Structures are given as C-alpha cells and as structure tokens.
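Asks: I would like the atomic coordinates for the input below:
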Amino acid sequence: MHTELINRFYTAFQKQDWQTMNSCYHPEASFYDPAFRNLNSKEVRAMWHMLCLNARDFSLSFTDVAANEKTGQCLWLATYTFSKTGNKVINRITAAFEFKEGLIVKHTDKFDLWKWSRQALGASGLLLGWSPILKNKVNDTARKSLARFIAEHPEYQ
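Replies: This next block holds a predicted model:
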C-alpha cells in the first residue's frame with residue numbers, strides 16, 4: 001500500500017505534477033531537507049508547487065522503494081539546471097517517510113549539501129559549501145523564495 005503511495009508521488013514528480021504530489025500528503029505533514037528545513041503542511045505543498053513550476057531541464061529517477069505500515073524510503077536522483085546560476089545539478093537523495101491514515105505525514109530528504117552547492121553555486125559552493133554560514137544562507141534563500149511564492153498564491157495563505 002505505502003510503496004504504491006511512494007511510487008505515485010515520484011511518478012508525479014517526474015511529470016512535475018505537483019497536484020498529485022500534494023495529494024499524497026496528510027493534512028499534518030511536515031518536511032525536512034538541508035535546504036528547506038522544518039516545513040509545515042502548507043509549506044510542503046507550496047514548495048513542491050514552486051519547484052515544479054520553476055524546474056528547468058528537469059529529470060528524475062527513483063529506485064529502492066520500500067515501505068511498511070508506518071515507514072518507507074527510497075532513493076531518488078534529480079537532474080536540473082539551477083535557475084540562479086544556470087549550472088547543471090545532479091542531486092542524489094535518500095528519502096524517508098512516516099505515514100498516517102494512508103498518507104505521508106513526515107518526509108525527510110537527505111543529501112550532501114556541500115556536493116549540491118559545488119554544482120549549483122560553483123566556486124563559492126566549493127569554497128564555503130561545508131560551512132554553517134553557507135548552509136544557513138542556502139536555507140534563508142530557500143525560505144525567502146518559498147515565502148514569496150506563498151504570498152503570490154492565495155491557495156497557500
């Protein structure tokens with residue numbers, strides 16, 4: 001049952017179908033990754049909407065989907081052009097899920113932020129991607145982009 005939910009989520013992501021992705025989340029959902037830390041349910045949905053609308057040269061693959069009644073996981077690979085720099089990014093991500101009432105209630109993505117920053121940001125990512133300063137800057141920038149997106153989309157207010 002929950003493997004089908006994970007498959008549905010990532011199949012929709014491959015198509016940049018944020019509506020279907022968002023339908024996979026429980027009303028109490030939360031999300032965490034190194035760029036978008038500690039998002040609530042509204043923010044999770046807005047994030048996927050924003051990322052799908054803004055994706056450039058995007059492709060995604062996923063493997064190793066496994067789940068039981070309470071938890072699940074998979075590996076996914078996203079390839080895209082980072083809009084702020086025009087740099088190509090290949091990001092390998094480990095996703096972990098917790099389920100409630102047949103939907104995703106907690107979603108945690110883990111990836112190497114330094115490796116991501118070297119690709120996305122170039123020299124500054126190479127030199128500072130390991131540092132708390134750059135990690136916090138990436139999070140602050142992501143949060144500001146998400147706040148702007150939410151302000152422009154009344155369905156998330």
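Asks: just the helices in the chain please.
Replies: Shown for the chain, the helices assigned by DSSP state H span residues 2-14, 18-23, 41-54, 113-121, 123-128, 132-152.
Asks: okay, residue 83: pLDDT?
Replies: Residue 83 is assigned a pLDDT of 87 by the prediction.
Asks: just checking, it touches residue 53?
Replies: No: when contacts are counted by Cβ atoms under 8 Å, residue 83 is not listed as touching residue 53 (10.9 Å). Every residue, glycine included, has its C-beta placed from N, CA and C.
Asks: contacts for the longest strand along the chain?
Replies: The strand that spans the most residues within the chain, counting by DSSP state E, is strand 87-100. By Cβ atoms under 8 Å, 6 or more residues apart in numbering, the residues outside strand 87-100 that reach it are 2, 5-6, 26, 28, 33, 57, 67, 69-82, 104-112, 115-116, 119-122.
Asks: cool, stretch 36-55 as well?
Replies: 13, 16-18, 21-22, 25-32, 80, 83, 107, 139, 142-143, 145-146, 149-150, 153, 156.
Asks: narrow the residues you listed to those that are buried.
Replies: 13, 16-18, 21-22, 25-26, 29-32, 80, 107, 139, 142-143, 145-146, 149-150, 156 (16 or more other Cβ atoms under 10 Å).
Asks: and residue 19, how many neighbours?
Replies: 11 (other Cβ atoms under 10 Å).
Asks: stretch 65-75: end-to-end distance?
Replies: End-to-end distance of stretch 65-75 (Cα to Cα, to the nearest Å): 7 Å.
Asks: show residues contacting that stretch.
Replies: Residues outside stretch 65-75 that contact it (Cβ under 8 Å, 6+ apart) are 1-3, 5-7, 10, 62-64, 92-99.
Asks: lowest average confidence, helix or strand, in the chain?
Replies: helix 123-128 (a mean of 70; mean pLDDT, DSSP states H and E).
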